[in-house]
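# Need coordinates for the below:
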Amino acid sequence: MTLTPEEIERYKRHLVLHDIGGQGQAKLKAARVLIVGAGGLGSPMLLYLAAAGVGTLGVIDDDHVSLDNLQRQIVHVTDAVGRLKVESARDTLAKLNPHVAVETFDFRLDASNALDIISRFDIVADGTDNFATRYLVSDACYFAHRPLVHAAIGPFDGYITTLKPFMTMPDGTPYPSYRCVFPDAPPPGLVANCSEVGVLGSVVGVIGTLQATEVIKEITGFGEGLAGRLVLYDAKGGRFETVRVAWDPDNALTGHVPTILDLSVHEAGVATVAAET
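So this is what the prediction gives:
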């Protein structure tokens, strides 16, 4: 895929990077990336991926912009309060980079549509804030054979990893799935959401920007990806830590005797897309 003269001027700081260059920028232009959730994590992902020249960005979210979103959901502006988040995000991205196509889905992701939507894209990034949707997205990405850049945040901390459980590591074992790291969701009410405990807006930006970087790495192929590793960020201590995560042979999705064979496990309850914080 060739770049226009205007695109060459726009992306010239990428083009002079040895690890991206013209070929990498062409890969970005040809890529299709789905962002699940247009909130705190989705905002920096959408902005930086659009600025980087990802050719098609999909965004799914059925929520509307509220005034208390604006402390951290930076893809939206004050005049967008009351509008659908996907429409607000689409308009912001159009102003940022008119070369990027934005496909919007203003409804909930559930077991009936997840595979169809996710299969339309090359890579998925999760910006949601509830466990039901996280399990749904990660399971659907496994069945669709799509890499998933997953992250979550707390009031002053967050983590990020890349999930590719349909692929194997150099030693022949599968990469870990979300269910290898988190076999079961915590009981309802055990983990407080940001409306109850608060969140530092810039922390969400740090993690969302890291997600955008990992998406770009997956598309262009430079550097070492985060599959099999979990990066933890502690804003209070000013620390990053990286821990190894491994495939669990007993996990319900990709273990030796899997019990989750399709998305029917998610049909009992509707998983909603709620943007992270």
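
# Against I60, how distant is G127?
10 Å (Cβ to Cβ, to the nearest Å). To be clear about C-beta, it is placed using only N, CA and C from the backbone, and glycine gets the same treatment.

# quick one: the helices in the stretch 51-200 of the chain?
85-96, 114-118, 131-144, 178-181, 194-197 (DSSP state H, counting those that start in this stretch).

# what does the fourth one rub up against?
What it means is helix 178-181. Residues outside helix 178-181 that contact it (Cβ atoms under 8 Å, 6 or more residues apart in numbering) are 134-135, 138-139, 148, 150, 161, 163, 165, 230, 245-248, 251-254, 260.

# go on, the longest one?
If you take Cβ under 8 Å, 6+ apart as the criterion, helix 131-144 is touched by 36, 109-111, 114-115, 118-119, 124, 126, 128, 147-148, 150, 152, 163, 165-166, 177-179, 182, 185-186, 191, 253-254, 260, 262-263, 265-266, 269, 271-274.

# With only the CA atoms kept, save it in CSV.
Taking C-alpha atoms only, helix 131-144 is exported to CSV below (Å, rounded to 0.1, in the frame of the first residue of the first chain):
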residue,chain,number,x,y,z
PHE,A,131,-14.9,-8.8,33.9
ALA,A,132,-17.9,-10.1,31.9
THR,A,133,-16.8,-8.2,28.8
ARG,A,134,-13.1,-8.9,29.3
TYR,A,135,-13.7,-12.7,29.3
LEU,A,136,-16.0,-12.3,26.3
VAL,A,137,-13.5,-10.3,24.3
SER,A,138,-10.6,-12.5,25.2
ASP,A,139,-12.5,-15.7,24.4
ALA,A,140,-13.8,-14.3,21.1
CYS,A,141,-10.3,-13.2,20.1
TYR,A,142,-9.0,-16.7,20.8
PHE,A,143,-11.7,-18.3,18.5
ALA,A,144,-11.2,-15.6,15.9
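
# so how far is it from its chain's centroid?
On the basis of Cα atoms, centre = their mean, to the nearest Å, helix 131-144 sits 12 Å off its chain's mean C-alpha point.

# Would you mark the buried spots in that helix?
131-144 (16 or more other Cβ atoms under 10 Å).

# tell me the mean pLDDT over it?
Helix 131-144 carries an average pLDDT of 96.

# Stretch 188-208 now?
84.

# Keep only those of the contacts of helix 178-181 that are in strands.
Within these, residues falling in strands by DSSP state E are L148, H150, T161, L163, L230.
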